[in-house]
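[1] no FASTA, just this:
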């Protein structure tokens, strides 16, 4: 303002913070490996261990194709949830006080974590998709449909990342924040990700049909396998937008409170 | 800024968490270019004071200025003139020393070339040049603190806040940091530091405020504070716990006692007849006192006089 040389402009702050979280993500090999290995392992378990029993008679290849959208979603949800631990780590390590005493806003700080989460997920989802193709996933899609599927998945990752950032702001320790990853990890099980909802007990069916993961799954499956998607994409986007707005609003309030 | 004007002022700062008052009606005035130490045990309110002055916490009442800027209403401007180094090194372990400084420099508004130049300067000055391209996770505690200090110095702050800068460091690292802090102050930066170490306050500070339970108990230059305790202290080592209790009872309320060490200290002028008669009154049978010594009061004694507890138990108190 009065002395422009002494204050970083907004673009520079945003770039610097994002560069930071990307660099930290790249070097945190442990988290990076887990977010890759876990979905791949799950996919292999589902296809080779459960596949035959879950879908007898259809063969491995057909079940791979059924299960891959679910695995992609699981991978993305888990990866996005890691944001909680990263935010909590910064909130408790003292670096946040340094940022605040330098007048770095909480919005850019949280944004940088969400952007890093997005980048991590794009990379890990691509790798998981590669493995899926290698073991027999045969999509039936068009470039436009694939792009739309990616868009829906990215919107979902954004929403889960912001909500995870909120968890990171609330949690007292990074360990507590990290345990939040269980929520997005298990939600897909109670959806049509791995088994058709019709096979579930009726009390669970109501939840499975109306939770946010199901329309995302149905969209991915429909768009990637050339099936009818109905209103799933819109439901998925509505859920993601709603959760994203909730996350942004909550994080704004919580950051100010936590920082006081 | 003229050197006689205060860099930091505070009137009536009070902060409560629930019904616990962590800071109680604190007044403060710190001259520009000086080193000022807040000395006290954990829970004395030192960190809260620093956080209020660095605009990270809002006081419930009272007002304060730093560099003439109000901590409540001129945060944005104020933040550009200060730096804060907290109790825990605020750095990214997975970035190298140089990368950390580059990041802080960019956030502080330095351009790339400025940040690189200034980082290099500070890495040299703080003896970190060799480790500059290693990730901070490999650094020792002392190196982390020095890098943290470097981060705080990147844009030459007018006021630097150091919250327990040497807690937990080995003596050599502490000595190194003291050297740097002295140099920083010599270059014109005002330094407000908090410490639990009397030696640190004695060694670095132009003025010291002793804090206890959210209040400023006493304030002055280290030598003024020592004078307040008295000319000399008669230090007595007692034979056992019974002897300690007996002699303490005879010595009256002026005596400062450390029961676990069996040591009593009694303010005296230092005149020989006085010491002789004191010893006779306290130990007529000459069986209770094992050793005696005369010494000038150090800040330990000041601390004890004003807070009623020996400084070393301060470290054992838990965080509030």
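    Ah, there it is. Small disclaimer: the values here were computed from a predicted structure and weren't measured. Numbering: from 1, shown residues only, chains lettered A, B, ... in the order given.

[2] what's the next secondary structure element after the lengthiest helix in chain B?
    For chain B, the helix that runs over the most residues, judged by DSSP state H, is helix B:171-186. Later in the chain than helix B:171-186, the nearest helix or strand by DSSP states H and E is strand B:190-195.

[3] who does that next one pair up with?
    strand B:35-39 (parallel), strand B:159-163 (parallel) (DSSP bridges).

[4] what sits up against the helix or strand following that strand?
    Remark: after strand B:190-195, the chain's next helix or strand is helix B:198-204, criterion DSSP H and E. With contacts defined as CB atoms under 8 Å, 6 or more residues apart in numbering or on different chains, helix B:198-204 is touched by B:35, B:37, B:39, B:166, B:174, B:178, B:181-182, B:185, B:191, B:193, B:195, B:208, B:222, B:298-300, B:302-303, B:311. Placement of C-beta: from N, CA and C, glycine included.

[5] okay, now residue A:33: neighbour count?
    Using other CB atoms under 10 Å in any protein chain shown, the number of residues around residue A:33 comes to 11.

[6] Which helix or which strand is home to it?
    Using DSSP H and E, residue A:33 sits in helix A:29-44.

[7] cool, and residue B:208?
    Here residue B:208 is assigned to strand B:207-212, by DSSP H and E.

[8] Run me through the strand neighbours of that strand, direction for each.
    Here strand B:207-212 has these sheet partners by DSSP bridges: strand B:35-39 (parallel), strand B:215-220 (antiparallel).

[9] Surely residue A:255 and residue A:169 touch.
    Yes - the pair residue A:255 and residue A:169 passes the contact test of CB atoms under 8 Å, sitting 6.0 Å apart.

[10] so what's the closest residue to residue B:198 other than its chain neighbours up against?
    Excluding its sequence neighbours, the residue lying closest to residue B:198 (CB to CB, 6 or more residues apart in numbering or on different chains) is residue B:299, at 3.6 Å. Neighbouring residues of residue B:299 by CB under 8 Å, 6+ apart: B:39, B:198, B:199, B:201, B:202, B:208, B:222, B:225, B:226, B:311.

[11] And residue B:299, what's its pLDDT?
    In this model, residue B:299 is scored at 76, pLDDT.

[12] Quick check: the gap between it and chain A.
    Distance from residue B:299 to chain A, counting by CB to the nearest CB, to the nearest Å: 28 Å.

[13] How about residue B:28?
    According to CB to the nearest CB, residue B:28 and chain A sit 18 Å apart.

[14] sec struct for the closest residue in space to that residue that isn't next to it in sequence, please.
    Nearest residue to residue B:28, sequence neighbours excluded (CB to CB, 6+ apart): residue B:10, at 3.9 Å. Here residue B:10 takes the strand state, with states given by DSSP: H, G, I helix; E, B strand; the rest coil.

[15] give me the number of residues near residue B:10?
    23.

[16] Identify the bridge partners of it.
    residue B:28, residue B:64.

[17] okay but it is in contact with residue B:26, surely?
    Yes - under the contact definition of CB under 8 Å, residue B:10 touches residue B:26, with a separation of 5.9 Å.

[18] ok so, going back, TSV for the strands paired with strand B:190-195, including mean neighbour count?
    TSV is the format used below for the strands paired with strand B:190-195 (neighbours: other CB atoms under 10 Å in any protein chain shown):
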stretch	mean neighbour count
strand B:35-39	27
strand B:159-163	24
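
[19] Quick one: those strands as a markdown table, columns for mean pLDDT too.
    A markdown table is the format used below for those (pLDDT from 0 to 100):
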| stretch | mean pLDDT |
| --- | --- |
| strand B:35-39 | 95 |
| strand B:159-163 | 94 |
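
[20] Could you dump the ones you listed into CSV with distance to residue A:221 added?
    CSV is the format used below for those (distance: least, CB to CB, whole Å):
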stretch, distance to residue A:221
strand B:35-39, 63
strand B:159-163, 54
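
[21] mind checking which of those strands is nearest residue A:179?
    strand B:159-163 (30.5 Å; CB to CB).

[22] and the angle from that closest one to helix B:171-186?
    With axes from the mean of the first three to the mean of the last three CA atoms, to 10 degrees defining the directions, strand B:159-163 sits at 160 degrees from helix B:171-186.

[23] low-scoring stretches of the chain, by residue?
    Here I'm looking at chain A. Flagging of chain A using pLDDT under 70 yields the residue ranges A:1-8, A:52-61, A:259-260.

[24] The intended chain is chain B.
    B:1-4, B:89, B:309-320.

[25] quick one: the helices in it?
    Using DSSP H, helices in chain B cover B:46-53, B:75-79, B:97-107, B:112-125, B:141-153, B:171-186, B:198-204, B:222-229, B:241-251, B:272-282, B:299-307, B:311-314.

[26] between those helices, which gets nearest to residue A:12?
    That would be helix B:97-107 among the helices of chain B, by CB to CB, at 6.0 Å.

[27] what about the closest one and chain A, any contact?
    Yes - counting by CB under 8 Å from any CB of the partner chain, chain A is contacted by helix B:97-107 at B:99, B:103, B:104, B:106, B:107.

[28] which helices and strands does that helix pack with?
    Applying 3 or more CB pairs under 8 Å, 6 or more residues apart in numbering or on different chains; DSSP states H and E, we find helix B:97-107 packed against helix A:10-27, helix B:112-125, helix B:141-153.

[29] contacting residues around residue B:261?
    Contacts for residue B:261 (CB under 8 Å, 6+ apart) come out as none.

[30] go on, residue B:262?
    B:237, B:238, B:239, B:240, B:241, B:243, B:244.

[31] Check the gap between it and residue B:94 for me.
    51 Å (CB to CB, to the nearest Å).

[32] any idea where the helices of chain A begin and end?
    A:10-27, A:29-44, A:51-54, A:59-93, A:95-101, A:106-134, A:143-170, A:174-178, A:182-186, A:202-210, A:213-225, A:232-259.

[33] interface residues of the stretch 51-200 of chain B facing chain A?
    Near chain A, when you scan the stretch 51-200 of chain B using CB under 8 Å from any CB, you find B:51, B:54-58, B:75-77, B:79-80, B:82-84, B:86-92, B:94-95, B:99, B:103-104, B:106-109, B:135, B:151, B:155.

[34] Any of the residues you listed buried? List them.
    B:51, B:54-57, B:75, B:77, B:79-80, B:82-84, B:86-92, B:94-95, B:99, B:103-104, B:106-109, B:135, B:151, B:155 (16 or more other CB atoms under 10 Å in any protein chain shown).

[35] how close does residue A:241 get to chain B?
    To chain B, residue A:241 is 31 Å away according to CB to the nearest CB.

[36] Tell me if I'm right that that residue and residue A:155 touch.
    Yes - assessed by CB under 8 Å, residue A:241 is found in contact with residue A:155 at 7.2 Å.

[37] And the two? Which one has more around it.
    Counted by other CB under 10 Å, residue A:241 and residue A:155 do not tie: residue A:155 has more neighbours, with 20 against 13.

[38] Neighbours of the residue nearest to that one when sequence neighbours are not counted, how many?
    Excluding the flanking residues, the one nearest residue A:155 by CB to CB, 6+ apart is residue A:240, at 4.0 Å. If you count neighbours by other CB under 10 Å, residue A:240 ends up with 22.

[39] mind listing what residue A:240 touches?
    Here residue A:240 is in contact with A:152, A:155, A:156, A:158, A:159, A:212, A:216 (CB under 8 Å, 6+ apart).

[40] which non-adjacent residue is nearest the last one?
    Closest residue to residue A:216 apart from its sequence neighbours, by CB to CB, 6+ apart: residue A:236 at 4.5 Å.

[41] got it, and the fourth one?
    Nearest non-adjacent residue to residue A:158, counting by CB to CB, 6+ apart: residue A:244, 5.6 Å away.

[42] What is the burial count for the one you found?
    19.

[43] May I see the helices of chain A organised as CSV, with distance to residue B:279 added?
    Listed next are the helices of chain A as CSV, based on distance: least, CB to CB, whole Å:
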stretch, distance to residue B:279
helix A:10-27, 66
helix A:29-44, 67
helix A:51-54, 93
helix A:59-93, 55
helix A:95-101, 53
helix A:106-134, 65
helix A:143-170, 63
helix A:174-178, 59
helix A:182-186, 71
helix A:202-210, 85
helix A:213-225, 84
helix A:232-259, 59
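
[44] That's all I had, so thanks and see you.
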